[in-house]
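Undergrad: Mind folding the following:
(one chain, ligands or ions: 1)
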Amino acid sequence: MKILDFPTGPYPARIRIAIAEKGLQSRVQFETVDLYKGEHKQPAFLAKNYSGTLPVLEMDDGTFLAECTAITEYLDALDGEPILTGVTAREKGLIHMMSKRAELELLDAVSVYFHHATPGLGPDVEIYQNPEWGLRQRDKALRGMRYFDSLLRDRAFIAGDRFSMADITVIGGLIFSNIVKLALPQDCEALAAWWVGMQARPSVRNRVTMSDKPR
Ligand SMILES: N[C@@H](CCC(=O)N[C@@H](CS(=O)(=O)O)C(=O)NCC(=O)O)C(=O)O
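TA: Okay, the predicted model is just below:
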């Protein structure tokens with residue numbers, strides 16, 4: 001299967017990390033779509049993903065699958081351990097909820113800040129910007145960081161007692177925060193400690209090179 005992505009992108013990172021966690025590297029080829037040239041807004045790409053975003057998974061039968069949560073669920077169903085989207089009904093529900101909350105309260109909020117209150121992908125791609133809206137989303141992301149910090153004071157992972165898709169989504173949010181230089185609030189010690197642990201995972205550390213050799 002093929003992944004259309006941008007190697008250093010925060011949303012593509014979610015899929016790169018999932019692939020590495022499940023040891024699927026040998027089954028995937030990556031094809032870069034240049035966001036800064038606006039290739040993702042061209043008709044040829046929009047025919048693959050109406051929403052004009054990355055990543056997109058192209059299955060061997062030609063089916064296109066967009067949206068990180070859907071792609072992760074697909075990959076999880078393809079292969080066995082480790083399961084990233086939950087085994088029991090309760091786990092599946094909680095992981096999906098916490099991953100969606102990580103999108104709404106952190107990752108998507110940082111993305112809006114990037115596109116609206118910074119130069120983003122450049123004037124040829126950012127054809128409409130609302131800096132005030134971007135700044136409000138930045139403040140929302142900071143509140144989201146504090147929320148996840150409060151959770152991590154009592155648990156090791158975002159959705160419970162093991163690593164899951166929800167952790168990967170928060171990782172995506174902190175990767176994006178790093179790109180836009182949005183620092184974690186000083187008092188978010190539990191989130192900071194969790195982030196150090198997450199960055200030590202080979203799947204996170206090697207996400208751009210996708211090397212499965214420990215560096
Ligand atoms: N809801 C989508 C969002 C994906 C998304 O925003 N991807 C970014 C890629 S990256 O910024 O993370 O590298 C994108 O395509 N941005 C292009 C744009 O918004 O114009 C998902 O979950 O896949």
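Undergrad: quick one: contacts of stretch 126-146?
TA: For stretch 126-146, contacts defined as C-beta atoms under 8 Å, 6 or more residues apart in numbering pick out 102, 105-106, 109-110, 112-120, 173, 177, 182, 184-185, 187-188, 191. Yep, even glycine has a C-beta here, placed from its N, CA and C like the rest.
Undergrad: among those, which are in helices?
TA: Counting by DSSP state H, these place 102, 109-110, 112-117, 173, 177, 191 in helices.
Undergrad: which among the residues you listed are in contact with the ligand?
TA: The overlap between these and the neighbours of the ligand (C-beta under 6 Å from any ligand atom) is empty.
Undergrad: ok, these vs A77, which is closest?
TA: A102 (21.0 Å; C-beta to C-beta).
Undergrad: How about the contacts made by that closest one?
TA: Going by C-beta under 8 Å, 6+ apart, the list of residues near A102 reads 144, 148, 158, 166, 169-170, 172-173.
Undergrad: Give me the distance from the longest helix that the chain contains to the chain's centre.
TA: When the chain is parsed with DSSP H, its longest helix is helix 131-152. Mean-position distance between helix 131-152 and its chain equals 16 Å (C-alpha atoms, centre = their mean, to the nearest Å).
Undergrad: do that helix and the ligand meet at all?
TA: No: applying C-beta under 6 Å from any ligand atom, one finds helix 131-152 separated from the ligand by no less than 12.8 Å.
Undergrad: which residues does the closest residue to the ligand within the chain contact?
TA: Residue nearest to the ligand within the chain (C-beta to the nearest ligand atom): G9, separated by 2.0 Å. By C-beta under 8 Å, 6+ apart, the contact set of G9 is 35, 54-55.
Undergrad: before we move on, what about F176?
TA: F176 is in contact with 10, 107, 110-111, 114, counting by C-beta under 8 Å, 6+ apart.
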